[in-house]
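1. Below are the sequence and a predicted model; questions follow.
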Amino acid sequence: MDTSVVLIPALLIIAIILLIFFSQTKPKKHIWFGVTFPNEALKDARLNALRKPFIKSCASFAVAYIVALLPLLWLGDNAAPAFIYLCLWLVAVSLTSTVPFKQIHHKAAMLKRDNGWFVGKQKTITIDKEIAHYSRMNPLSPYLFLVPALLSIPLIIISVQNDNLLLRLTGIASLLMTGVMLLLSLTFTHGKQRAYSRNALPNLAIHHAARKYWSVLWLALAIFEVVNCFIAYYVLSEGASLSRGLWTSGIAMMSLVPLFGIYYVHNRIRDLEYRFAHTDGKSYVADSDQYWRHGMTYFNPDNRSTMVEKRVGIGRTVNRATSTGKVIYYGTFIVIAVVIIPVTTMLIRADSTAPQLLIDDSGFVTIEDTEYPYKFHSKDIQKLELETMLPTGFRSNGIATSAFARGNFKLNDLGAAKLYVFKKSSPFIVMKLEDLYIVYNEEAPAETKALFEKLQKQVKK
């Protein structure tokens, strides 16, 4: 994968994010940091003081995103690891890029509530039922961790019989990870009650909800780690030959899943804190801001419009309280998954399995490839050459990275062609058929030359 092809769009994404959020450093139509204010409030020194830390936080996140792109310079020649890492980077950016804005939005919203800076029609929001619901929540029983512990037993029985020390440890590692997750669950759910609010009712509700969410997360991660150990044992015991880059990408993905889970639970608890901490646990007064979660996401069941004007950025956003809005929002993630998963699978297969050219006794030439296999007879070869330079052209249906090219291409001087080449491993075998060119080489130049000589002998028969 050409590093520049990846880095330029990534840097453009960072620039767009900065432009969107830096536009919030000044009020627009009485909206500042996603909060609606009256004229007199916009001049308040406390509100204006939020601008500087917001800019500093956005800049810090931008620098972190740029630093996080640096591994792509190392992964550039490895298409699958580079693509996987880029996808993980995009997910991380999408999850965290709003953090500086959410933090400053919450502070601005608190200033508005504390000072009664409401605009337009006010409404009293009753929350006593929600508070009661969260107050009744309890953490999952620690005995449920027997589930991942029991799941580890078959792996322990299987792995201890293996001669490889690393494989023998996978079962024990699975059980140990369950123990670690149990300790974390007990720490997060049975510790001293945290002061989320100065008021007893909302504080109790948030505390109970937090304990429940954390217990669910640690149990889910315990099961997740057991599954990982099973997969690792299977791959290693089967002797699968995977590149260092693919192993690194796999480890990164498995490491990021717990981090994303922790991030999700933390944000969910923060949302409850934002909604209830500054209330009496029974009700609170609000204006139209109540329909904008964090000042960015619109959720208004009383508005039948599917699309509304954004408060942050330009354009329109979906009303996630409507049926169509939900389909659009969640459908987007499904479409992304449908596109990314097949592409990732194809790249992993192409990156881990090189094409192989075989010649049988009857003269048939078979090119074995995971995505673009091809077969023809040596008598069909009209011209056979060994070139030091790879013919240039464009991909029509295939895979092209900075390291290799496979599939169907349109070459500038030759026309339609099938390529199975390592771009940086000259020479290249060029075979002319009746209406198609085949360009092939091995990663080792000596093997390419030996194969070329074998093909020459076959053609001369």
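-> Good, I have the coordinates.

2. how about the helices in the stretch 201-350 of the chain?
-> Along the stretch 201-350 of the chain, the segments classed as helices by DSSP state H, counting those that start in this stretch run 244-276, 323-352.

3. And the last one, what's buried?
-> Spelled out, that is helix 323-352. Neighbour counts over helix 323-352 (16 or more other CB atoms under 10 Å) mark Gly325, Ile328, Met346, Leu347, Ile348, Ala350, Asp351 as buried. Backbone N, C-alpha and C define where each C-beta goes, glycine included.

4. Mind putting those residues into TSV with pLDDT and distance to Gly393?
-> Listed next are these as TSV, based on pLDDT from 0 to 100; distance: CB to CB, whole Å:
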residue	pLDDT	distance to Gly393
Gly325	91	45
Ile328	92	39
Met346	74	21
Leu347	73	21
Ile348	71	25
Ala350	72	19
Asp351	70	22
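
5. Now render the residues you listed as a markdown table, adding distance to Ile8.
-> Supplementary listing: those in a markdown table, determined by distance: CB to CB, whole Å:
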| residue | distance to Ile8 |
| --- | --- |
| Gly325 | 33 |
| Ile328 | 29 |
| Met346 | 23 |
| Leu347 | 20 |
| Ile348 | 24 |
| Ala350 | 23 |
| Asp351 | 22 |
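
6. Could you list the low-confidence segments of the stretch 301-450 of the chain?
-> For the stretch 301-450 of the chain, the stretches with pLDDT under 70 are 352.

7. Just the pLDDT for Leu204.
-> For Leu204, the pLDDT comes out at 93.

8. For it, give me its contacts.
-> Taking CB atoms under 8 Å, 6 or more residues apart in numbering as the criterion, Leu204 is in contact with Ser135.

9. Okay, strands next: where are they in the stretch 151-300 of the chain?
-> 283-286, 292-293, 297-298 (DSSP state E, counting those that start in this stretch).

10. Lowest average pLDDT across those strands?
-> strand 283-286 has the lowest average pLDDT among these, namely a mean of 85.

11. list the buried ones in that one?
-> Tyr284, Ala286.

12. Regarding Ser60, which helix or strand does it belong to?
-> Per DSSP states H and E, Ser60 falls inside helix 51-69.

13. Mean confidence (pLDDT) on the following helix or strand past that helix, please.
-> Where DSSP H and E defines the elements, the next helix or strand beyond helix 51-69 is helix 71-75. Averaged across helix 71-75, pLDDT comes to 80.

14. what do you get for stretch 175-191?
-> pLDDT averaged over stretch 175-191 gives 92.

15. Counting neighbours, which bits of that stretch end up buried?
-> Quick answer for stretch 175-191 (16+ other CB under 10 Å): Leu175, Met177, Thr178, Met181, Leu182, Leu184, Ser185, Phe188, Thr189.

16. Same question for stretch 192-212.
-> Counting neighbours by 16+ other CB under 10 Å, stretch 192-212 gives 196-197, 201-212 as buried.
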